[in-house]
Every structure is written in structure tokens, then in C-alpha cells.
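*Asks:* What would the 3D arrangement of this be:
(2 chains)
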Amino acid sequence: MKKIKRRLSLTLRGGRGVDESLSELAESMNIEESNAKDNGWPSRSGKQKGSSKGLSKAESAAIVTLQPLMEVEGSLSKKHQLGPNISRMVSFFEGDQKISKHFIRGKQHYRTMPSLARKSKTEPDFFLNDGASFRTLDKGRRMRKSESDSFFDEGTKASDKLFPIPTIDSNFNLPLWRRLSKGRMKTAEFHSSSRLCIVHENARLGSDGESDQTSGTSNDDVHSPVKLRHKYPLQRRLSEDITKRLSLPADIHLPDNFLEKRSLSPPFPEGRLSRRMRRASLHEIGFGKMESYTKLDKLGEGTYATVFKGKSKLTDNLVALKEIRLEHEEGAPCTAIREVSLLKDLKHANIVTLHDIIHTEKSLTLVFEYLEKDLKQYMDDCGNIMSMTNVKLFLYQLLRGLNYCHRRRILHRDLKPQNLLINEKGELKLADFGLARAKSVPTKTYSNEVVTLWYRPPDVLLGSTEYSTPIDMWGVGCIFYEMSAGRPLFPGSTVEDELHLIFKTLGTPTAETWPGAMTNEDFLMYNFPHYEPEPLVNLAPRLDADGQDLASKLLQYEAKWRISADEAMKHPYFNTLGPRIHKLPDTASIFTLDEIRLAKDPGYKSSSVGSSGVGKGRRQSMLF
Amino acid sequence: MFPSAIAMKPALKFQSRRGSDGETSDSDHCEDIYDVSPMLGCTDALTSEAAAPKWSVPDQMVVDSPAPLAPADPTYLDEWFLMMKSNEVKFHPVQSLNNQPQITPEMRGLLVRWLTQVCQTVRPRLLPETLFLAVNIVDRFLAVTPLGLDCLQLLGATALFIAAKMEEVHPLCAEEVVAMCDEGQYTRGQLRMLERRVLSTLGFHLTVPTSILFLEHLAAHGQYDQLTSCLARHLLVTSLQDYVICQHAPSSLALAALNLASSLVNNMRMNTCPAVERCILDLQVVLMTMMDSLPLPDLLVACYQQYCQ
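*Replies:* Alright, predicted model coming up:
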């Protein structure tokens, strides 16, 4: 056994060039090791695995490491002795002796921590040197010990005591790895011997059979005071493990061919696949690969992304490929990371579906479902005279998608007609979550440079950064008006112009209409003239009384007073859609109901049907 | 011995929700446990209404009294909370170091400590949410991918890089992140590559319910005073370093931290479910070590300065 381990550790340091390793890492990124044996998060039962199993795990799993590579000769042959999977081991660096020096972990050389019971007033020297790590916990003792320590100057703020400023800390500039290994490395021969046993030194991986030994030494292993108290639960857990293990049959080794046969039948009869397995199988089908998609026309281009119409070779469906270039140094842009991570959690009939992500070194491509046009284009195509039925249907779908986001505390922050996509069935979907963010805490502040000017609420225009879900509702009001009237409500060109337009139409805020503005410095500075509100009937004569009531509730100055998406959906304006529409499941389109039908738009020109899909400037807004 | 007195003698007297008697029970308890008069003095100085017991039990967490949920909130807070709670198991790796050949809980602790320091020292300061998300990313990545020890700091840096992109208004730039690490250790290329690997391993799932989110929610809703929530926040941040504490569910940890903090600051506790009680026991040890080095009044002042200013 020891021999194998030794061989393994030799192999782990097998010699390979940096470039080779890098490309291998890149390769292995595309697919997670399908033969790795863990299913999802390791559970506690992972502890029960026998030592031979643990080792095979190490073989099969790819280890990402920068570990220095020492022995070149002979490693390849050893690699094969251990099986093919070991070659998946990834490493970046070659021959960096500096690291290897600090690469030791010997259990017996753990630092010991003064116990909580205040038995030991003395502490090992390295605590003083290694203050950064233990500052929080050792303050009292250190204070007594070294009054002269600059860290405890009288002038130091109390908060600095909680989290010491590293520059004062003598050790902060030390490499973390030096700190990691400090106090452990004792002798040169230990150094050399432990290099050979990087892997099997670790009891966790190699040897659960030796776990009682581990728990025995763990008293010395204790490294943080916090850990001391875990002595008891840890031991208890281990003994539980042992009893469990004892209840298993003595010989659990299965012949190899048996496992092969087993793998023919579905490995998880309940249909539960681990994430890794699922991803691997999806990858095999062709997800996550650019080859699975054909690029057709370009739909638009922005500063850092291009949108193409595409076709999936897997399903033959049309898709929209949003290709984000990663040329710059910062890796994936934060808009892309936010968009993907938010869309991953959003499964709704009125939110655009993210089918796939292709993440390569050069670009990040998001594969979306394809929808024919956006609302802007739809309105253009019907000569800005939409049927009022369709206005209602679109508004309802917009609110429905938004309500789903807001329930998850996700703010879209960039609602505008260009970001609402519509397919030929009349289904409207929210798109472009690049500016969206999950809003977790009511008091957090965000940037106020959000939302296209025309749809930006007055409070944000006046510099508010503490906004919440009502930020999106103002935009809904603007879009509602735009659909009914056929022109944008507040097409301002600057912030001041925008505010001026808003106040001219809805009246200059007063203490009654917007108490918050009375103390807003920006508002007072602009010194707007006094305007009386115009009646909404004049603005959108085609809107019925209920619609006007809803619009006025959406266009409230005071964010708190704006109607929420949930309440807006229950507004009497939507009564004509029938009661069943409120009970639809999230993923069902409203057009699954018989009573919901798209009406014919009065201004619709039939000639523009075919050409509209690839119109110029289409979906350009998706990119900013 | 005074820290253990908290453990031995929890003020388990269940406070009535709008207990007008809270004032009196408050004062006899403090004599009982240990002398907290300096502490009370300092709370008075810091928060004007600290002495008055004013908080309600967050309904979702109390098993004994499943009180009806609050009426529909226009800002969807309660629904969001329940949604987060149902999601937490999915994104909370348990025993994430089981498959690691080289990385031990101690090393993870050291890494988290380094991350905490970075978050506190970078100007402008990073939000606590960023730190918690970064640690979550590290844990989830370690749970599925064996990592070399020499890559551990790079992983920490990458996680912070990604977390800042998610949470911060002004994310960190790659150069900054590389400079934070040990000098000359890593390059931007490596950072980008590991970022790609981490993102694909985690499948871009980055909207994660971390304990600080639960804490903020509970603190905002339960009407704890500021001192309590600051101390609780500090408890959570400190206990991030501890591998075993991180095995507890984030929501239980958050409630436990608040509960413990309020038992110190206001000398009040409420009944909680067993999972939370276990967290409280664990957190108490962290608290004890903190008070061991910094007397409670100083600790409270420090927490207040750290998190409320």
C-alpha cells in the first residue's frame, strides 16, 4: 500500500511543461471528469470510504495545482501503472523551489494553540510573528506580553483591533504559504521526506482506516482556539462512522467487470444525477460546445458583445447567440456574470430562457431562445397604433415576468421596449439582465447610473441609490403609456431635461405628491418652475378609466407609493382577461388559455412581416 | 468563569413579544449572570434605545410557535426569505474538504482569515456579502475539485474577484487582486483561467443565500438594535474561518448569532429550534475567545465602529 502511495505522490509531481499543463487545464474545463466518483456535494458518508477507495478517488479526480514539478524521469511510466486517469492531473508551475519549500504538512508539527481555559499564558513564539492570523483571538495575551507593539497604540481605532490593518502587521507581507507552513517545518530531513508523501500524509484522503489515529493526534493538530471544542463532536462522529463501517460486510471489493456491467444500467435508478454527471452527459450531447450552433445573421453589435441569430444543431431551433468577447484583462465582465447567474434561477414563461453557456478563453457565448422582435419594433411595425387588447396582454405579461423577478428580489433595472422581446404568438419576455442584480438587503446602496434615461424614475434621476423593486415599476408605467399613445412619454436628452419633461407632464412635486423631494438637494438646486399636472386622458386618450388609474399608480413620484407588480396584476384593468389568468403556473404562457387571444393591430402593415426579424438596430439595446 | 456562564445559564426565559416586563427581568438577569454594567453603559451611549427590549421573534425560525406569516409585504420580503431558505441546502456544501488531498480545515481557515483582512483593508471597503459569497465559492469549488495547496490562495483571490463582480458597485480589477496575493505568486492569466474554471464548475450559480443575507434580513425584520446586529455580524464574519461552524445551515447560523448577541447585549433570548441551539453552542466558543482577548465593552465598541460607520 505504502508503495502505491509513494508511486502516486511521485506521479503527482510528474514533469510537464507549463504550456502543456495550461492547455490541459483549459481542456479539462470543458468537461468535468465524468469518471470522478462523487455525486454532488460530498456527504458525511464520504468519510466511511475505505482507504483503497480514497486512493482511487485521488487517481480519478483531476487535481488543480501549481505544485512544483521535480522528478521528470520515470514519471510517465508510473503514471500508466496507476491508470490513465491520473494524467488528468493539472499543474501550472515547473521547478519552483520556493514553493516546494513551504509545501510541507506534517501532522506532528502543527502549531499548538493555547487552550481556552487560560491555562497557558505563554504561547509559542510564532504567535507573535504570526500575528495576522491570530490577532483577533490573542489580543489580550499579546497586550500583556508586548506593550510596545505598535498595533496597540492608544490612537488605534477600536475597529482596527477587530481586523488589523495588514501594513502594521509585520507578517502580512510574508507569503501566505510561508505562514501556512510556519511552525511546522522543523528539520531538513522532514522536509525531504515529506515531499515524497504530500498525498498520503493526509489522513482524510488516504486512510479512513487510520482515522482513530487521526483523531488521536487531532489534539495536537488543533490550530485555532475555536477548534478545541470540536474535539468531542469530532470523535463522536468518527466513532459513529466506525460503527457504521463495522456493520458493512467485511469485503466490499467488487470485481471490475461487475462495475462495468453495472454501468450499463442507469447508475441512479431514481433518476437523480449528480451535477457533474449531468453536466458531463449534457456535454456529450453537445451542450456547452460552439460546434453545436450555426451562426446565421448578425442581429446587433455593442461595445463588448455581438448578437447573432443562430440555429442549434441539436434541436434545430432558432437561437440568439450573445457573444461576449473576453479580450480585456478583467476576465468575464460583471454584467455577463450577473446576467447568467440571475437567469439561471429564473424559469418563467415571460422571461427569456437561457439555453446554454459556452465559455472559452476568447469569448463567453450565451445561447438564448430566439424571439422575432422586440416591443420597439413591434410598435414600429404596427405604425404605433396597437390594439388596446394587445396593450393589455403585453402589459400583463410584463408585470407577470417582473413579479416573478421581484419575488426573488431581482431588480431588472433596465426596462425599456427594446428589452422586451415578443414572438409571433404574442408572448412577451423580459430580456437583457445585464444591469439586473439580486437585491438582498433593503438598505444597500447601488449605482444610480442605471436604467435608460427615458425610463428612469425621478428618484433615481435625483441621485437616489437606495432603491428597491419600485425602480422597475416606473419604467412599466412609461412603457404602458408608450404602447397606448404610440410615442415615448418622457424622451429627455439629459437628466435635467428628463426631469423637466416629467414635471411638466405630471406636475412639479409638492409636499403632498412627493415628500421626499422637498429635502433633496439636487431637486432644490434645479429649481424647477411650478407646473400643474396634466390629466392623463389628454396624454393617452385611448386608455380607459381603469387603465388611467393603473398608469397613475405606476407613475408615482414617491417610490413607496408606486403600485407593486403583484398588486398591479390584480388591478381592475385586467378584469376583462378573466379570473383564470391569475392561477397559471409560472412556466405556462398566458396563451395556453382559450380566452386569451392576440388581437389584430389596426396599424399593422402586412408587408413588414417577413423583413422585420432582421431589422437594423434590432435588439441593439441588449448590448449596453 | 464568566464566558461559560453564558453557556451554563442561558437566559432562556422566553420574552413576551411586546413584553413590558422585559425591562425588569432584564435588570435582574444581569446581576445574576455577571456584571454587565459597563456594557450596559456603553450600549446606552451608543444606541439611545438600547435598554428597551424591542424585538419580535422572526416567525419562520421558531418551531414551537408557527405563527402566521406577516401580511403580504409589498416588497416581497417574506416570500423572498422563504425562497432563500428553501434554496440554502442546494448551495451549502457540507464537508467540502473531504475530497481534498492537501487542504486541511486549518489551511482553509487561514485562507478565509486572509480574505477577511483583504475585505477590510481594500479601499473602498468590500461589503460583507462579498466576503461571504467568496467563501461560499471557495467551499463549493473545493467540494468538487481537488486542489493543490499552492493554488489555494489563487482560488481565494479568484473567488473574491468573482464575488466582487457580483456584489460590488465597483468591482475589483484583476491587477488589484493579483497584487493582493503574495508577491509574484500568480499572474493575471492564471486568475482569469481559474475564474473560468470556477464559473464552469459552479455552473454560474452565484445568487447564493449566505448567512449574512439571512442576518441582514432577520436584523431588519426582528428589530434588533444596532449593537446587537453589529456583534452578530462580527460573530458570523469571525466564525467563517471555522470549518466546523461552516457546516451549519446559514439560516440557523444567522439566527444563532443574533440570538447570542442579543443575549449579551440585551440579556434576552428566545426559544429556537434544536438546529439553532447547536449553532449557538458553537458560536459561544467563538464569542468566548473573542471576549478572552477583548473585554466585552471594548468588543462592542469595536464592532459598532466596524460595521455601523
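*Asks:* And residue A:568, how close does it get to residue A:473?
*Replies:* 7 Å (CB to CB, to the nearest Å). C-betas here are computed from N, CA, C, even on glycine.
*Asks:* what's the neighbour count on residue B:281?
*Replies:* Residues lying near residue B:281 (other CB atoms under 10 Å in any protein chain shown) number 15.
*Asks:* same for the longest helix along chain B, what does it pack against?
*Replies:* In chain B, taking DSSP state H as the definition, the longest helix is helix B:274-293. Helix B:274-293 is packed against helix A:131-145, helix A:225-228, helix B:2-8, helix B:226-239, helix B:250-265, with contacts defined by 3 or more CB pairs under 8 Å, 6 or more residues apart in numbering or on different chains; DSSP states H and E.
*Asks:* try it again with 10 Å
*Replies:* Helices and strands touching helix B:274-293, by 3 or more CB pairs under 10 Å, 6 or more residues apart in numbering or on different chains; DSSP states H and E, are helix A:131-145, helix A:225-228, helix A:231-246, helix B:2-8, helix B:226-239, helix B:250-265, helix B:296-308.
*Asks:* Run the chain-centre distance for that helix.
*Replies:* Helix B:274-293 sits 12 Å away from the centroid of its parent chain (CA atoms, centre = their mean, to the nearest Å).
*Asks:* How is the chain partitioned into domains?
*Replies:* The chain I'm using is chain A. A:2-107+A:184-219+A:226-246, A:122-181, A:282-369, A:373-617 (automatic domain parsing).
*Asks:* Sorry, I should have been clearer: chain B.
*Replies:* According to automatic domain parsing, the ranges for chain B are B:24-71+B:210-308, B:105-202.
*Asks:* Could you check the pLDDT of the spatially closest residue to residue B:275 that is not a sequence neighbour?
*Replies:* Distances taken as CB to CB, 6 or more residues apart in numbering or on different chains place residue B:252 nearest to residue B:275, at 4.6 Å, with adjacent residues excluded. Here, the pLDDT recorded for residue B:252 equals 89.
*Asks:* Near the residue of chain B found nearest chain A, how many other residues are there?
*Replies:* Among the residues of chain B, residue B:148 lies nearest to chain A; the distance is 2.2 Å by CB to the nearest CB. Burial of residue B:148 is recorded as 27 neighbouring residues (other CB under 10 Å).
*Asks:* try residue A:392
*Replies:* Residue A:392, neighbours per other CB under 10 Å, totals 22.
*Asks:* Now the one helix or strand it maps to: buried residues?
*Replies:* Element membership of residue A:392 [criterion: DSSP states H and E] is helix A:388-407. The neighbour-count check on helix A:388-407 (16 or more other CB atoms under 10 Å in any protein chain shown) flags A:388-407 as buried.
*Asks:* Against which helices or strands is it packed?
*Replies:* For helix A:388-407, the packing partners by 3+ CB pairs under 10 Å, 6+ apart come out as helix A:375-381, strand A:410-411, strand A:420-422, strand A:428-430, helix A:470-485, helix A:545-554, helix A:565-569, helix B:77-87.
*Asks:* tell me the angle the longest one makes with helix A:388-407.
*Replies:* Angle between the axes of helix A:470-485 and helix A:388-407 is 170 degrees (criterion: axes from the mean of the first three to the mean of the last three CA atoms, to 10 degrees).
*Asks:* per-residue confidence averaged over helix A:470-485?
*Replies:* Averaging pLDDT along helix A:470-485 yields 92.
*Asks:* same check, this time on stretch A:387-404
*Replies:* Rounded mean pLDDT across stretch A:387-404 is 94.
*Asks:* tally of neighbours for the closest residue to residue B:206 other than its chain neighbours?
*Replies:* Nearest residue to residue B:206 in three dimensions, chain neighbours excluded: residue A:341, at 3.8 Å (CB to CB, 6+ apart). Residues near residue A:341, counting by other CB under 10 Å, number 23.
*Asks:* How about the residues of the stretch 251-400 of chain A by chain B?
*Replies:* Proximity of the stretch 251-400 of chain A to chain B, by CB under 10 Å from any CB of the partner chain, involves residues A:274-276, A:278-279, A:288, A:326, A:328-346, A:354, A:357, A:359-361, A:364, A:366.
*Asks:* In PyMOL, how would I select just the buried ones from the residues you listed?
*Replies:* With 16+ other CB under 10 Å as the criterion, this PyMOL line picks the buried residues out of these:
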select buried, chain A and resi 274+275+276+279+288+326+330+331+332+333+334+335+336+337+338+339+340+341+342+343+345+346+354+357+359+364+366
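*Asks:* What ranges in the chain fall below the confidence cut-off?
*Replies:* In the absence of a named chain, chain A is used. For chain A, applying pLDDT under 70 flags the ranges A:1-276, A:303, A:439-451, A:605-624.
*Asks:* Not quite, go with chain B.
*Replies:* B:1-77, B:309.
*Asks:* residues contacting the spatially most central residue of it?
*Replies:* When CA atoms, centre = their mean is applied to chain B, the residue found nearest the centroid is residue B:236 (2.6 Å). The contact partners of residue B:236, taken as CB atoms under 10 Å, 6 or more residues apart in numbering or on different chains, are B:128, B:131-132, B:210-212, B:214-215, B:245, B:250, B:253-254, B:256-258, B:261, B:283, B:286.
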